[in-house]
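Peer 1: The sequence and its predicted three-dimensional model are supplied below.
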Amino acid sequence: MNKIKTVLLLLIFVIIIILNFNITYSDSIDLLNYKDKSNNTVYFFSKDFQPGKPHFFLVYSKDKEFLNNIIVDYAKFYFMKLFENNNWYLCFYSINVPYKNLNLELKIIEKSSKKILFKYIYILPEKEKKDEKKYSTTIKATQNMVNLSQQKDISILEREFFQKIYTKVIEEKYFILPFSYPLEKNIITSPFGLARAYKDSNGNIYKISYHYGVDFKGKEGDKVYATNNGYIRFAGFKDIRGNCIVIDHGYGIYSTYFHLSKIVVNDGSFVKKGTYIGEVGATGSATGPHLHYELRINNVLVDGVEIIKIYNQILKIIKNFDTEKMILNLKSYTEVENILEEEIINEENNDN
């Protein structure tokens, strides 16, 4: 009898938890999701929350206050309404690379009661140490690069200058989908996230740092193109970054183009995706002609190639199927890919 009572109590306890949390989640699928009794729905389009990777989630809610219940450690974000006549919201975000802890929590919290409605814990990979035994590649620096590295004030002033730009968030969408590549031929010579050791003329390592951009192979004078629509927030010369351009794509998304030999756009002007904005060069702290390309989401550096490759496809799906039924039935990346194969509407043509 006692065993039966114990089993019944356990069953009642489980039922209470299910009724209270009403979580639609399984670790066996790719698409993390949450849905409650009011049909507030959140789709997290990633289970791999490594720092430096761009992520986004999709939210359906008739109550805009619900958006404030979503929390991701080390991340800040802004919601943009996807379609004018319904309640779907899109949010880009990323996690800052210099994270402190090895666990990341993705939560939905009821703000009034502090009750956790949904929680997913991701164990972050151990951060690569910056020492002589832990670098991925070496760079033979020019004397100009060595000289610039010794002038700490220049580095600090440049960083502060650009931070003033990146921290300004215009809650307006300038970009269209998909994002594009910045060159006609896009060959990566140094990917995002490498730990690189810099050697002087004597072969001594004087600096080890992470590469928080993507380097593309290019010849002096190769044309560089805007990867999406936006406003030019800076077009000029800086000692370390050389001739550079910063484009604001709206909602805290910025792309930057460094070491250019030529700039053909002006501060404050609006450019469309694919606009010729400058030419590849080796100005500033550079070993030779190449394009250093960066992408930021809410002032967090992310792998710009990742967002071009992966999220363009998923975002096309979101724009294709703006009915509640189609989106609510998405449960995995497999379904997402199947829909993508069936039909793709080119948003770029619709926006022209």
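Peer 2: That came through, no problem. Everything numeric here is computed off the predicted structure, so don't read it as measured data. Residues are numbered from 1 along each chain as shown.
Peer 1: Check for me that residue 66 belongs to a strand.
Peer 2: No: checked against DSSP: H, G, I helix; E, B strand; the rest coil, residue 66 lies outside a strand; its state is helix.
Peer 1: quick one: contacts for it?
Peer 2: 40, 59 (Cβ atoms under 8 Å, 6 or more residues apart in numbering). (Glycine included, C-beta is placed from N, CA and C.)
Peer 1: so who does residue 246 touch?
Peer 2: Listed by Cβ under 8 Å, 6+ apart, the contact partners of residue 246 are 162, 165, 232-235, 254-256.
Peer 1: Also residue 111?
Peer 2: Contacts for residue 111 (Cβ under 8 Å, 6+ apart) come out as 65, 68-69.
Peer 1: What values do phi and psi take at it?
Peer 2: phi -60, psi -40 (degrees, to the nearest 10).
Peer 1: what does residue 148 give?
Peer 2: phi -60, psi -40.
Peer 1: can you check residue 113 too?
Peer 2: Taking degrees, to the nearest 10, you get phi -100, psi -10 for the backbone angles of residue 113.
Peer 1: Mark which of the contacts of residue 246 are buried, thanks.
Peer 2: 162, 232-235, 254-256 (16 or more other Cβ atoms under 10 Å).
Peer 1: circling back to that earlier point, out of the contacts of residue 111, grab the one that's most surrounded.
Peer 2: Scoring the contacts of residue 111 on neighbours with other Cβ atoms under 10 Å, the highest-scoring entry is residue 69 at 21 neighbours.
Peer 1: For the chain, which segments count as helices?
Peer 2: 2-21, 143-150, 152-166, 304-306, 312-320, 324-328, 333-342, 347-351 (DSSP state H).
Peer 1: Determine how far the second one lies from the middle of the whole chain.
Peer 2: Chain-centre distance of helix 143-150: 31 Å, with Cα atoms, centre = their mean, to the nearest Å.
Peer 1: buried sites along that helix?
Peer 2: Neighbour-count burial for helix 143-150 [16+ other Cβ under 10 Å]: 145-146, 148-149.
Peer 1: can you give me the angle it makes with helix 152-166?
Peer 2: Counting by axes from the mean of the first three to the mean of the last three Cα atoms, to 10 degrees, helix 143-150 points 80 degrees away from the direction of helix 152-166.
Peer 1: May I have helix 143-150 as PDB, with CA atoms only?
Peer 2: What follows is helix 143-150 as a C-alpha-only set of coordinates in PDB (Å, rounded to 0.1, in the frame of the first residue of the first chain):
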ATOM      1  CA  GLN A 143      58.400  46.700 -38.500                       C
ATOM      2  CA  ASN A 144      55.400  49.000 -38.700                       C
ATOM      3  CA  MET A 145      53.200  46.400 -36.900                       C
ATOM      4  CA  VAL A 146      55.800  46.000 -34.200                       C
ATOM      5  CA  ASN A 147      56.100  49.800 -33.700                       C
ATOM      6  CA  LEU A 148      52.300  50.200 -33.500                       C
ATOM      7  CA  SER A 149      52.000  47.400 -30.900                       C
ATOM      8  CA  GLN A 150      54.400  49.300 -28.700                       C
END
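Peer 1: what helices or strands is that helix leaning on?
Peer 2: If you count contacts as 3 or more Cβ pairs under 8 Å, 6 or more residues apart in numbering; DSSP states H and E, helix 143-150 packs onto helix 152-166, strand 205-210.
Peer 1: Low-confidence stretches in the protein?
Peer 2: Filtered on pLDDT under 70, the chain yields the residue ranges 1-31, 46-48, 50-51, 82-85, 96-102, 125-136, 310-352.
Peer 1: Next up, phi/psi of the residue most central in space within it, please.
Peer 2: For the chain, the residue nearest the mean C-alpha position is residue 54 (2.7 Å; Cα atoms, centre = their mean). Dihedral pair for residue 54: phi -80, psi 140, per degrees, to the nearest 10.
Peer 1: That one touches residue 295, doesn't it?
Peer 2: Yes: using Cβ atoms under 8 Å, residue 54 is in contact with residue 295, at 7.4 Å.
Peer 1: anything in contact with each of those two?
Peer 2: Joint contacts of residue 54 and residue 295 (Cβ under 8 Å, 6+ apart) are 302-303, 307.
Peer 1: want to throw those into TSV with distance to residue 260 and neighbour count?
Peer 2: TSV is the format used below for the shared contacts of residue 54 and residue 295 (distance: Cβ to Cβ, whole Å; neighbours: other Cβ atoms under 10 Å):
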residue	distance to residue 260	neighbour count
302	21	26
303	21	22
307	22	25
